[in-house]
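> need coordinates for the following:
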Amino acid sequence: MDSYEKTGYLTKPYKMFHITDKSKLDIPFHYHDFHKILIHIKGNVSYCIEGRNYKLQPYDIVLVNAGEVHRPILNDDSIYERIIIYISKNFANENILYFDDDLTICFRKASACQSHVLRFSPIDKSPIWHAIKQLYNSFDDTGYANELHRKLVFLEFMIQLNRISISGGTQYIDTYSSNEKIVEIIDYLNHNLTKELSIDNISDRFFMSRYYLMHSFKEATGYTIGNYVSTKRLLLARDLIQNGTPVKTACYECGFKSYSAFIRAYKKSFDTLPSASFPY
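Predicted structure coming up:
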């Protein structure tokens, strides 16, 4: 996991990496504050996102929205090669070449389709294939204006990706394997963050024992239910505050019962006080 994954912060509109790992890694569940695109090149890898597990094939494109809990699972010692692109949540407003089009529509489309993986069959017949090859080759470009060229190649890839997402010219694949009940619970939690979400209420609603619920949820997400809900509430509160909602209002609107506990949790998670996020 590189430094951006560890810190969760992105100081530029986007960042790209071409990464090859020749030994098996054990990457824990995590989330970050920016969107993520992964182009899978090679490797026996499954990708777990918010309880859904996808078995990747070469040139699958994985879309992870900011705040979504995820991890790759390396199934053996084979070489794991991928291109990773991190994109700021404010990318649409950070015109790197003065354009007006929103190139993050693909992430909203993935959420609407309840799938995170785009698959092209056959890949070499898709309009995005040329853009992927150009992107792959750009990492070895050392010629004149190579950084500008890489930026143009990146924009071409994003344009093709969004065109395909909008037109429906690709397949959002079904989950490879998952605990469907836990996926239902995750979806329920994310749509009801402002409500009472005790373990007893959840176990009763989904007809599960407390033990099975807690064990299965932790296995699927790496988080306890309490930590998961608190994390998602804090992310929601920060978005509200950054959009002008008063700190105390955001606290209670996001389901926190104690303002002082909210302040402590916010500072622990984001290493700053919520007032520092308010757009003065």
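
> point to the residue nearest the middle of this protein.
Nearest to the geometric centre of the chain sits Val64, at 2.7 Å (CA atoms, centre = their mean).

> I figured it hits Glu50, correct?
No - under the contact definition of CB atoms under 8 Å, Val64 does not touch Glu50, with a separation of 9.1 Å. Where C-beta positions appear, they are placed from N, C-alpha and C, glycine not excepted.

> pull up the overlap in contacts between those two.
Common neighbours of Val64 and Glu50 (criterion: CB atoms under 8 Å, 6 or more residues apart in numbering): His70.

> start and end of stretch 59-70, how far apart?
Start-to-end span of stretch 59-70 (CA to CA, to the nearest Å) is 19 Å.

> relative to Arg264, how far out is the nearest residue to Tyr259 once chain neighbours are set aside?
Nearest residue to Tyr259 in three dimensions, chain neighbours excluded: Cys251, at 5.4 Å (CB to CB, 6 or more residues apart in numbering). Applying CB to CB, to the nearest Å, the value for Cys251 to Arg264 is 12 Å.

> ok, those two, which is more surrounded?
Each of Cys251 and Arg264 has its neighbours counted (other CB atoms under 10 Å); Cys251 has more, 26 against 11.

> contacts only, for that one.
Cys251 touches Ala237, Tyr259, Phe262, Pro274, counting by CB under 8 Å, 6+ apart.

> which stretches of this structure have low pLDDT?
Within the chain, the set of residues satisfying pLDDT under 70 comprises 1-9, 92-99, 169-170, 174-177, 277-280.

> could you pull out the strands in it for me?
14-21, 35-42, 45-49, 52-55, 61-64, 70-74, 80-87, 117-119, 171-172 (DSSP state E).

> distance between the first one and the chain's centre?
Computed by CA atoms, centre = their mean, to the nearest Å, the separation of strand 14-21 from the middle of its chain amounts to 16 Å.

> which strands or helices does it pack on?
strand 80-87, helix 146-167 (3 or more CB pairs under 8 Å, 6 or more residues apart in numbering; DSSP states H and E).

> can you pull the buried residues of that strand?
Tyr14, Met16 (16 or more other CB atoms under 10 Å).

> quick one: contacts of that strand?
Applying CB under 8 Å, 6+ apart, the external contacts of strand 14-21 come out as 2, 4, 43, 74, 79-88, 91, 96, 135-136, 139, 150, 154.

> equivalent analysis for the last one, please.
By CB under 8 Å, 6+ apart, the surrounding residues in contact with strand 171-172 are Ala110, Cys113, Ser115, Val117, Leu118, Arg119, Phe120, Ser121.

> farthest pair in the residues you listed?
Among the contacts of strand 171-172, the pair separated by the greatest distance (CB to CB) is Ala110 and Ser121, at 18.0 Å.

> who has more neighbours, the two?
Ala110 (23 against 10).

> ok, back up a step: which residues sit in contact with the residue nearest to the centre of the chain?
His35, Lys36, Ile37, Leu38, Ile49, His70, His116.

> list the contacts of the third one.
If I follow you right, that is Ile37. Per CB under 8 Å, 6+ apart, neighbours of Ile37: Ile61, Val62, Leu63, Val64, Ile84, Ile85, Ile87, Leu161.

> count of neighbours near the residue nearest to Asp77 when sequence neighbours are not counted?
With sequence-adjacent residues excluded and distances taken as CB to CB, 6+ apart, Asp77 is closest to Lys24, at 4.8 Å. Look at Lys24: counted by other CB under 10 Å, it has 13 neighbours.

> list phi and psi for Lys24.
Dihedral pair for Lys24: phi -70, psi 130, per degrees, to the nearest 10.

> which non-adjacent residue is nearest the residue nearest to the centre of the chain?
Lys36 (4.1 Å).

> kindly report the same for Phe29.
Closest to Phe29 by CB to CB, 6+ apart is Gly222, at 2.8 Å.

> who does the closest residue to Phe139 other than its chain neighbours form a beta bridge with?
Nearest residue to Phe139, sequence neighbours excluded (CB to CB, 6+ apart): His18, at 4.3 Å. Applying DSSP bridges to His18 gives these bridge partners: Ile83.

> so how far is Tyr223 from His18?
30 Å.
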